[in-house]
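Student: Mind folding the following:
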Amino acid sequence: MTYCNHAGTSSVARAWSGTFDDLIGNAIANYLRENAAMNLPGLAPYPDFFAAALIMILAGILAFGVKESAIVNKIFTAINILVLLFVIISGFINGDIGNWQLTEEDIINASIPINGSAINITDLGNYGAGGFFPFGFDGTLAGAATCFYAFVGFDCIATTGEEVQNPQKSIPVGIVASLLICFLAYFGVSAALTLMMPYYQLSVQSPLPVAFTHVGWDPAKYVVAVGSLCALSTSLLGSMFPMPRVLFAMARDGLLFKPLSNISSRQSPVIATLASGVVAVDKLYCFPAIMALVFDLKALVDMMSIGTLFAYTLVAICILILRYQTDSNEMNDKQKWNLLRPPSSPTPSSSKVVSYLTIFTIVLAVVLSVILTKGIDLVKEWWMILIITLALLFLLTTVIIIWRQPQSSVKAAFMVPLLPVLPVLSTFVNVYLMVQLGEDTWIRYAVWMAIGLLIYFAYGVWHSVQKKREQTPHSVQVEIVNAQLEKANKDGSYPCLPQTKL
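Tutor: From the prediction side, this is the model:
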């Protein structure tokens, strides 16, 4: 959660900076390219001090206890909807269907410079083959993995299960409706952009204003830019607001350093807010002993996407394990597990079998995803077809065995249907999309996870409040029993000792 919030804050700040810079004629970008250029792979061409300052300013404001205004958010949301409708309608009015029918020859002969240089035949591979699917189906899946961040947030609906009258119906309908609205919005804007301007000429930092300039609607770019800034401002504040609360809650539970749980006189987690701002800025630049390394916008978006996909994968795995857990009131293992005749109710053996099979399912999902992504050219070979067939057969067998195991009788407000097919399918799709992301993204994510695990095992696991809470009752129980036994020895009485129910 902290990873996604920090990466999301950094990427939105970069987008805010790029949009604002486009309004003032790219003055910031041109100055920093000339005076603070960085030629390092995986990093932005220049350090975005404006985006870093924006994050720190908002972190400072939040540290003083300023809360989100519902009225301002509603106004900004209304502006966002109006701008979206304007972009979609005007895009279709000024669009040219020929931009969806480009050929390789059109791309080679393009005379408009891109990033300071015209396209030549050696660069053709970077711009696709033209047509409606210039990068093919593989390119579409890779884009889906990168743009997954656009749908982040629908999981908030699942947290309202106890607040609705019929969660089994309301939650699926709410999730599907929110995803459909997001799809229509992004589909409409993407279609309008690629109709107004050839896809290979779109600006990476600020595509909407540049597209309107391309079709000759210069005044409209300011309206669109203002709307984009409103949308990015609410998104930036929304992604920054929960970060210090998460750090505060983790520090209060002993998983992070205790100073992060300090609050101000206004009941605001000051240190956690400032710390989260510094960490978010660290995504934009870090100096070697304060190192100036800056990630570009695509790197930040990919980092957010892989973190979100990994989190959703964990949710699917946890659902699969928890639904087959042993009930707390049935802690017996009298029934032996049998493949052909599984027990009628969950037992420790059946739960352990499901856990092992879940791990095996993850391994199969990773193998299939890597083969279908990296070894697609070898699919025509007989041995590769044999490997894929065996992997699919093992996966199907695993799903059938899990399906035959007894589920827990514990009921919740909302129960995921179609077990175990839905969690397994979700795991495979998430893993497949994660494999589509580049090696640099995996390295950054691995470093982040390594730091988190180091903090947890070096500090959190030893200072966990939950661990102390679990240990305290036992020590208190022993002290009470010892005291009563001593009293019994002195006066010859035999008090009723407290009993513990396992």
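Student: what ranges do the helices span in the stretch 101-250 of the chain?
Tutor: Assigned by DSSP state H, counting those that start in this stretch, the helices in the stretch 101-250 of the chain fall at 104-108, 136-146, 167-196, 207-214, 218-240, 242-252.
Student: Report the mean confidence score over stretch 229-247.
Tutor: In this model, stretch 229-247 carries a mean pLDDT of 71.
Student: where does the stretch 251-400 of the chain dip in pLDDT?
Tutor: The stretch 251-400 of the chain contains residues with pLDDT under 70 at 260-297, 328-337, 376-377, 379.
Student: on that earlier part again, looking at the helices of the stretch 101-250 of the chain, which is buried most?
Tutor: Greatest average neighbour count among the helices of the stretch 101-250 of the chain goes to helix 207-214 (a mean of 22), per mean count of other Cβ atoms under 10 Å. Any C-beta I mention is one placed from the backbone N, CA and C, and that applies to glycine too.
Student: pLDDT on it, on average?
Tutor: The pLDDT scores in helix 207-214 average 86.
Student: before we move on, what about stretch 429-441?
Tutor: For stretch 429-441, the mean confidence score works out to 87.
Student: next one: stretch 12-19
Tutor: Here stretch 12-19 scores 79 as its mean pLDDT.
Student: Check the offset of the strand or helix carrying residue 425 from the chain's centre.
Tutor: Using DSSP states H and E, residue 425 sits in helix 421-436. The chain centroid and the centroid of helix 421-436 are separated by 14 Å under Cα atoms, centre = their mean, to the nearest Å.
Student: repeat for stretch 186-199
Tutor: That offset, for stretch 186-199, works out to 25 Å (Cα atoms, centre = their mean).
Student: what pLDDT, on average, does it get?
Tutor: Per-residue pLDDT over stretch 186-199 has a mean of 90.
Student: Kindly report the same for stretch 131-148.
Tutor: For stretch 131-148, the per-residue pLDDT averages 81.
Student: still on that earlier bit, buried residues in the helix holding residue 425?
Tutor: Along helix 421-436, these residues count as buried under the neighbour rule (16 or more other Cβ atoms under 10 Å): 423-424, 426-436.
Student: Can you lay out those as JSON lines showing distance to residue 400?
Tutor: Shown next, in JSON lines, are these (distance: Cβ to Cβ, whole Å):
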{"residue": "423", "distance to residue 400": "14"}
{"residue": "424", "distance to residue 400": "11"}
{"residue": "426", "distance to residue 400": "18"}
{"residue": "427", "distance to residue 400": "16"}
{"residue": "428", "distance to residue 400": "16"}
{"residue": "429", "distance to residue 400": "20"}
{"residue": "430", "distance to residue 400": "22"}
{"residue": "431", "distance to residue 400": "20"}
{"residue": "432", "distance to residue 400": "22"}
{"residue": "433", "distance to residue 400": "26"}
{"residue": "434", "distance to residue 400": "26"}
{"residue": "435", "distance to residue 400": "25"}
{"residue": "436", "distance to residue 400": "29"}
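Student: how about the helices of the stretch 101-250 of the chain, which one is nearest residue 302?
Tutor: Nearest to residue 302 among the helices of the stretch 101-250 of the chain is helix 136-146 (5.9 Å), distances taken as Cβ to Cβ.
Student: contact partners of the closest one?
Tutor: 128-129, 133, 135, 298, 301-302, 305, 309, 373, 376, 432-434, 436-437 (Cβ atoms under 8 Å, 6 or more residues apart in numbering).
Student: can you tell me which two in those residues are farthest apart?
Tutor: Within the contacts of helix 136-146, two members stand farthest from each other by Cβ to Cβ: 129 and 309, at 28.0 Å.
Student: With neighbour numbers in mind, choose between those two.
Tutor: residue 309 (24 against 15; other Cβ atoms under 10 Å).
Student: Mind checking the helices of the stretch 101-250 of the chain for the one nearest to residue 315?
Tutor: Going by Cβ to Cβ, the one of those nearest residue 315 is helix 167-196, 12.9 Å.
Student: Roughly how far does the residue nearest in space to the middle of the chain sit from residue 20?
Tutor: Centroid-nearest residue in the chain, with Cα atoms, centre = their mean: residue 308, separated by 1.8 Å. Per Cβ to Cβ, to the nearest Å, residue 308 is found 26 Å from residue 20.
Student: and if you look at residue 383?
Tutor: Applying Cβ to Cβ to residue 383 and residue 20 gives a distance of 55 Å.
Student: Show me which of these two is the more surrounded one.
Tutor: More neighbours surround residue 20 than the other of residue 383 and residue 20, with 18 against 8 (other Cβ under 10 Å).
Student: who are the neighbours in contact with the spatially closest residue to the more buried one that is not a sequence neighbour?
Tutor: Residue nearest to residue 20 in three dimensions, not counting chain neighbours: residue 229, with 6.6 Å by Cβ to Cβ, 6 or more residues apart in numbering. By Cβ under 8 Å, 6+ apart, the contact set of residue 229 is 16, 19, 20.
Student: ok, residue 229 to residue 22 distance?
Tutor: Residue 229 sits 11 Å away from residue 22, taking Cβ to Cβ as the criterion.
Student: Quick check, pLDDT for residue 490.
Tutor: With respect to pLDDT, residue 490 scores 51.
Student: Name the SS class of residue 386, please.
Tutor: Three-state call for residue 386 (DSSP: H, G, I helix; E, B strand; the rest coil): helix.
Student: What is the burial count for it?
Tutor: 10.
Student: Show the contacting residues for it.
Tutor: Shown in contact with residue 386 (Cβ under 8 Å, 6+ apart): no residues.
Student: Give me the distance between it and residue 432.
Tutor: According to Cβ to Cβ, residue 386 and residue 432 sit 21 Å apart.
Student: ok, now residue 398?
Tutor: From residue 398 to residue 432 the distance is 17 Å (Cβ to Cβ).
Student: and the helix or strand containing residue 313 with helix 136-146, angle?
Tutor: Assigned by DSSP H and E, residue 313 falls within helix 297-322. For helix 297-322 against helix 136-146, the angle by axes from the mean of the first three to the mean of the last three Cα atoms, to 10 degrees is 80 degrees.
Student: can you start the count at 797 instead of 1 from here on
Tutor: I'll keep to 797 as the first residue from here, and by that count the last item is helix 1093-1118.
Student: Which secondary structure elements does helix 1093-1118 sit against?
Tutor: Helix 1093-1118 is packed against helix 798-819, helix 932-942, helix 1144-1170, helix 1217-1232, helix 1235-1251, with contacts defined by 3 or more Cβ pairs under 8 Å, 6 or more residues apart in numbering; DSSP states H and E.
Student: Quick one: closest of those helices to residue 1115.
Tutor: Closest to residue 1115 of the helices and strands packed on helix 1093-1118, according to Cβ to Cβ: helix 1217-1232, at 5.1 Å.
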